[in-house]
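Colleague: dropping the sequence and predicted coords here.
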Amino acid sequence: MAGVPEKARFYLERAVPQLREFEVKGIFTTDEIRSLVRKRTDFEHLVLSPGNKPTDWLNYAAWEKSLESLRAKRCRRLQVRASSKHTGQGRVFGIFERAVNRHPASIELWNGYLAYAREMKATKRYRKIMTRALRMHPTKPQLWVLAGRRSARNGDMQAARGFFMRGARFCSRDATVWLEYARCEMEWLGQMDAKRVKKGGAERAIREQAEHSDDEIKLAGDDSDDDQADEDGQLVLPDPANSTSERVFDEDTTKKLEGNPALDGAIPLAIFHVSTKQPFYGPSTAEQFFDLFANFTSVSAQPRIVQHVLESMAQLYPNDPATCFCHVRQPLIDVSTNTPAYPKALRQALAQLKSSLSSTTNRPRLVEKVKAWLEPILASEDLDPSIRAVLEHTVQSLSTP
């Protein structure tokens, strides 16, 4: 079996053509190339030696990326257009591939590998890396969240839901996947609401939801998957003016689908409902769901979702500080401090706070939460003096037992 020097020489010899290109085209001087070879040799001996660490591979990859960046800058400055960037990128990919094969249990290496593939916009390679990472670490919530959110950003909600649901089955001891799944669905609801506001947006939103459902939608008369061709074998594009196919979404169908539960917040509610039966669920998790839903003020279904979370918390943990704190903040959701509605909402919140302080099971914890909530509001410079006086008095009264 070959030793470390032989293995290092094998990988170093594969970089010789690129080094010759550097010298011939004047991208690096001879002394700089010698320095590069020494540095690369040191890294190869380090990562191939017994007892190497994942950080050694990450440092090696970071050095190669900096070298590739320097090469690109010098090529632009010297106007060298024939130098290919694929060789340097291939070396970085090769280092990460060797790294994850050597340390498959290192999440840090997998994250670095995925980040570089995403940076290089290597979509196919990214999917393959993500698949391998999920198979190797199915109980790591950050990987499922990364895969789901990337699919959602690319507009593929069906794939995103698949990643989140599979991740929820594997990660039943942590609320991370469930919270991010709910966040992703709320973001999607916000996009659907924005499309409804536009002219003709309601039908587009309904069509998009139906196209991402499990049912397959086909146009009338479409019985073949093959494209039509003329006698010369050329593709024939359909003429919209001569199309006799019926509309998939007529007025009656649109009216029936306007009440689609998915467009009315049913999926986030289902995520929250199922999470209440998981081992990780507790008052703090419920408060995290409340905070998450309360941030999406542009979603039309948000008030109903927040109210459902509060009712569930009041049923399971009626006097817990988390439940009382959420009830205190509810009137002030989506109410800015410089609006006329703020004083009335603040009055309701303070009344709820007064009753909660006498009924909570942990008064010091509730006081701590309220103070942390009021401090950023008091730090605002454009706060009304009367409201500031009321809030300062509230904070002082909380300090007294």
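Modeller: Structure's in. What do you need?

Colleague: all contacts plus neighbour counts: C-alpha atoms, from now on.
Modeller: OK.

Colleague: mind listing what's buried along stretch 337-355?
Modeller: Of all the residues in stretch 337-355, those buried under the rule 16 or more other C-alpha atoms under 10 Å are 337, 342-343, 345-346, 348-350, 352-353.

Colleague: over to stretch 116-132?
Modeller: 116-117, 126, 129-130.

Colleague: want to throw these into CSV with pLDDT?
Modeller: CSV is the format used below for the buried residues of stretch 116-132 (pLDDT from 0 to 100):
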residue, pLDDT
Tyr116, 95
Ala117, 95
Tyr126, 95
Ile129, 96
Met130, 96
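
Colleague: list the contacts for Pro5?
Modeller: His45 (C-alpha atoms under 8 Å, 6 or more residues apart in numbering).

Colleague: related to what we said a few turns ago, can you pick out the most distant pair from the buried residues of stretch 116-132?
Modeller: Tyr116 and Met130 (12.2 Å; C-alpha to C-alpha).

Colleague: what residue ranges in the stretch 101-250 of the chain score low on pLDDT?
Modeller: Scanning the stretch 101-250 of the chain with the threshold set as pLDDT under 70 gives 199-250.

Colleague: how about the strands in the protein?
Modeller: Here the chain has no strands by DSSP state E.

Colleague: which residue is nearest the middle of it?
Modeller: The residue lying closest to the centre of the chain (C-alpha atoms, centre = their mean) is Arg149, at 3.7 Å.

Colleague: burial measure for the nearest residue to that residue once chain neighbours are set aside, as a count.
Modeller: Excluding its sequence neighbours, the residue lying closest to Arg149 (C-alpha to C-alpha, 6 or more residues apart in numbering) is Ala160, at 6.6 Å. As a burial measure, Ala160 scores 24 neighbours (other C-alpha atoms under 10 Å).

Colleague: now do the contacts for Ala160.
Modeller: 147-152.

Colleague: wait, Thr337 sits on Leu383?
Modeller: Yes - in this structure Thr337 lies within contact range of Leu383 using C-alpha atoms under 8 Å: 6.7 Å.

Colleague: about what we covered before: closest one to Glu368 out of the contacts of Ala160, please.
Modeller: Arg149 (33.7 Å).

Colleague: looking at it, the residue nearest to the centre of the chain is touching Cys184, isn't it?
Modeller: Yes - the pair Arg149 and Cys184 qualifies as a contact (C-alpha under 8 Å) at a distance of 7.1 Å.

Colleague: what's the spacing between the closest residue to Glu187 other than its chain neighbours and Lys73?
Modeller: Distance criterion C-alpha to C-alpha, 6+ apart; nearest residue to Glu187, sequence neighbours excluded, is Phe296 at 7.8 Å. Between Phe296 and Lys73 the computed distance is 43 Å (C-alpha to C-alpha, to the nearest Å).

Colleague: the two: which has the busier surroundings?
Modeller: The neighbour count for Phe296 versus Lys73, taken as other C-alpha under 10 Å, is higher for Phe296 (19 against 13).

Colleague: surely Tyr113 touches Gly94?
Modeller: No - contact between Tyr113 and Gly94 fails when scored by C-alpha under 8 Å: they sit 10.1 Å apart.

Colleague: quick one: which of those two has more around it?
Modeller: More neighbours surround Tyr113 than the other of Tyr113 and Gly94, with 25 against 12 (other C-alpha under 10 Å).

Colleague: how about the nearest residue to the more buried one, chain neighbours excluded?
Modeller: Closest to Tyr113 by C-alpha to C-alpha, 6+ apart is Phe96, at 5.8 Å.

Colleague: give me the pLDDT for that neighbour.
Modeller: Phe96 carries a pLDDT value of 96.

Colleague: now stretch 309-322: buried residues?
Modeller: 309-310, 312-313, 317-322.
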